[in-house]
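Undergrad: return a 3D structure for these sequence lines:
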Amino acid sequence: MPRDDTPDLFAHDAPAPRAAGSALAGASALSRAGAPLAERMRPRALDEIAGQPHLVAPGAPLRALIGAGTLPSLLLWGPPGCGKTTLARLVAQAAPGRAARFVALSAVTAGVKEVREVIAEAERTRRGGERTVLFLDEIHRFNRAQQDALLPHVESGVITLIGATTENPSFEVVGPLLSRCRVFTLRSLAASDLLALLERALADAERGYGGTVAANADALAAIADAADGDARRALGMLETSVAFLRTRTDAEAVTTPTLTLDVAKRAIGERTLLHDRDREEHYNVASAFIKSLRASDPDAALYYLARILDSGDDPLFAARRMMIFASEDVSNADPHALPLAVACFQAVDRLGMPEARIPLAQCAAYLACAPKSNASYLALGRASEAVAKFGSAPVPMHLRNAVSALMKREGYGAGYQYAHDAPDAFVAARNLPSAVSGDPFYQPTELGAERDIKARLDALRARRKAERESEPR
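TA: This next block holds a predicted model:
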């Protein structure tokens, strides 16, 4: 039977005595307990949760659910460090009713075998009146079969499942399990929430630094900004900053050492972006990049391009997206856009990083500023609708190649006029199958170079109509 090896967040030893003559000795004693600061500072009550007022403030949905005396199976979805694990524990603890046994597993290391052991124990303790809350962290790591194994036991109430995931449950959790769980979305913590956490850690004598360390406001602000909404990262940076502070030669002589911006910057190092190469955040940033190009906003487009590149994503991915965009969204409004995007892809492929940033930036700026038209893309959609509506309409005989004598006798190619032999290289013959009718597929806009295309096409269409109407019937 697997047990919950996660440290008890609701029971804490008294702080170790502070050694005489050292302002940081109390902090050092706590550090020797082995748990990182982020673990020690986990909230012990719902009121200590930083951020997430839309879930845990008085009257908010999750808090109301707990107050109603029910605890259904839940899925907690949110970015790293927003408090999913802590909230799961507090929800299980705060929910009224029968006593609950809390079992924590990680889908990274556990499998169906461990889940079955939890289920077997839950069925046994259920007969004694004790319910089981199974917290499954990183639930998206379970494959479909592993998630399906949970279904009958969640359905029957043998376990109450609380799953946590950084990935969109719509894509990563199987439909039957998703339908049996309430989904609550957690948000990245605001800088003000992170500042409050950092100040609490500095002041907390039991779990934090108990006033043994002071900090400049700009140092804490820098940590809160660099943490990027992640409480675990913010507290880790604070812990590292205090460790750096201890290396100062005068640390022992200072009554209350002060964390400065310079020390905080050493702990922060280079900012790490929240990104992935094949999951939701990758597509969120890519979507923002394309939509900024479409909105003719070069500043936003270049920002999201920088996000893609600085996170270590594939630069060829950005180049491919711009090739598609150049044809789909700029198209004939600026016929130079697609050749430029193709050249950009080739340059990126040959150059590699970091020089590939240069043509990528050039292409993104050009596409964002270019006139926009999706007329040709829409035209193909209308043509596809006609294909679906009229089926395999026969190709007009004059457009068919007579590659054999038999085909020539059957009329293949009869009446075909070679356009280059005609005045203005224009032939008025109808080229669509006779069954296909309706409005023109290609409807150019008045934007950019497509304005000239529209004027010429309108004239040609009018001429074709006039000449065909004047033909003897």
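
Undergrad: who touches the longest helix seen in the chain?
TA: Longest helix in the chain, counting residues (DSSP state H): helix 450-470. Residues outside helix 450-470 that contact it (C-beta atoms under 8 Å, 6 or more residues apart in numbering): 331-333, 371, 373, 375, 426, 428-430, 440, 442, 444-446. Yep, even glycine has a C-beta here, placed from its N, CA and C like the rest.

Undergrad: in the chain, where is pLDDT below threshold?
TA: When residues are selected by pLDDT under 70, those of the chain lie in 1-33, 69, 95-99, 248-255, 270-280, 470-473.

Undergrad: about what we covered before: which one of the contacts of helix 450-470 sits in the busiest neighbourhood?
TA: When the contacts of helix 450-470 are compared by neighbour count (other C-beta atoms under 10 Å), Ser331 ends up highest, at 29 neighbours.

Undergrad: distance of it from Ala35?
TA: Using C-beta to C-beta, to the nearest Å, we find Ser331 at a distance of 59 Å from Ala35.

Undergrad: again with Lys454
TA: Separation of Lys454 from Ala35 (C-beta to C-beta) stands at 69 Å.

Undergrad: pick out whichever of those two has more residues nearby.
TA: Lys454 (19 against 14).

Undergrad: quick check: that one vs Asn332, distance?
TA: Plainly put, Lys454 is 9 Å away from Asn332 if you go by C-beta to C-beta.

Undergrad: overlap in contacts, the two.
TA: In contact with both Lys454 and Asn332: Pro444, using C-beta under 8 Å, 6+ apart.

Undergrad: was I right to think Leu338 contacts Ala326?
TA: Yes. Using C-beta atoms under 8 Å, Leu338 is in contact with Ala326, at 4.4 Å.

Undergrad: more neighbours, those two?
TA: When neighbours are counted by other C-beta under 10 Å, Leu338 and Ala326 differ, and Ala326 comes out ahead with 25 against 20.

Undergrad: for the more buried one, what are its contacts?
TA: Neighbour list for Ala326: Ala337, Leu338, Leu340, Ala341, Leu367 [criterion: C-beta under 8 Å, 6+ apart].

Undergrad: if we can go back for a sec, and the furthest pair within the contacts of helix 450-470?
TA: Distance extremes for the contacts of helix 450-470: the farthest pair is Pro371 and Ala429 at 32.9 Å, using C-beta to C-beta.

Undergrad: center of the chain - which residue?
TA: Closest residue to the average C-alpha location of the chain: Glu281 at 2.1 Å, with C-alpha atoms, centre = their mean.

Undergrad: give me the distance between that one and Phe317.
TA: Remark: distance between Glu281 and Phe317 (C-beta to C-beta) = 14 Å.

Undergrad: before we move on, what about Asp228?
TA: Asp228 is 22 Å from Phe317, by C-beta to C-beta.

Undergrad: those two: which has the busier surroundings?
TA: The residue with more neighbours, out of Asp228 and Phe317, is Asp228; 19 against 15, by other C-beta under 10 Å.

Undergrad: the more buried one and Ala60, how far apart?
TA: Distance from Asp228 to Ala60, by C-beta to C-beta: 24 Å.

Undergrad: and for Ser287?
TA: From Ser287 to Ala60 the distance is 29 Å (C-beta to C-beta).

Undergrad: which one of the contacts of helix 450-470 sits closest to Val403?
TA: Val403 has its nearest neighbour among those in Ala429, at 20.6 Å by C-beta to C-beta.

Undergrad: for the chain, which segments count as strands?
TA: For the chain, the strands defined by DSSP state E cover 74-77, 100-106, 131-137, 159-165, 182-185, 214-215, 258-259.

Undergrad: and Arg294, which of those strands is closest to it?
TA: Closest among the strands of the chain, using C-beta to C-beta: strand 182-185, at 26.9 Å.

Undergrad: name the strands paired with that closest one and say parallel or antiparallel.
TA: strand 74-77 (parallel) (DSSP bridges).

Undergrad: for the strand it pairs with, buried residues please.
TA: For strand 74-77, burial by neighbour count (16 or more other C-beta atoms under 10 Å) applies to Leu74, Leu75, Leu76, Trp77.

Undergrad: chain center to that strand, what's the gap?
TA: 16 Å (C-alpha atoms, centre = their mean, to the nearest Å).

Undergrad: right, and Gln362 touches Cys344 too?
TA: Yes. Contact status for Gln362 versus Cys344: in contact at 7.2 Å, counting by C-beta under 8 Å.

Undergrad: the more surrounded of these two?
TA: In this view Gln362 and Cys344 are compared by other C-beta under 10 Å, and Cys344 has more residues nearby, 25 against 14.

Undergrad: ok, Gly67 - contacts?
TA: Neighbour list for Gly67: empty [criterion: C-beta under 8 Å, 6+ apart].

Undergrad: can you show me the CA trace of stretch 296-306 as PDB?
TA: Output in PDB follows, covering the C-alpha atoms of stretch 296-306 (Å, rounded to 0.1, in the frame of the first residue of the first chain):
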ATOM      1  CA  SER A 296      -0.500  45.000 -38.500                       C
ATOM      2  CA  ASP A 297       1.200  45.400 -35.100                       C
ATOM      3  CA  PRO A 298       4.900  45.000 -35.600                       C
ATOM      4  CA  ASP A 299       5.800  45.800 -32.000                       C
ATOM      5  CA  ALA A 300       3.600  43.000 -30.600                       C
ATOM      6  CA  ALA A 301       4.700  40.600 -33.400                       C
ATOM      7  CA  LEU A 302       8.400  41.200 -32.700                       C
ATOM      8  CA  TYR A 303       7.700  40.700 -28.900                       C
ATOM      9  CA  TYR A 304       6.100  37.300 -29.500                       C
ATOM     10  CA  LEU A 305       8.800  36.400 -32.000                       C
ATOM     11  CA  ALA A 306      11.400  37.200 -29.300                       C
END
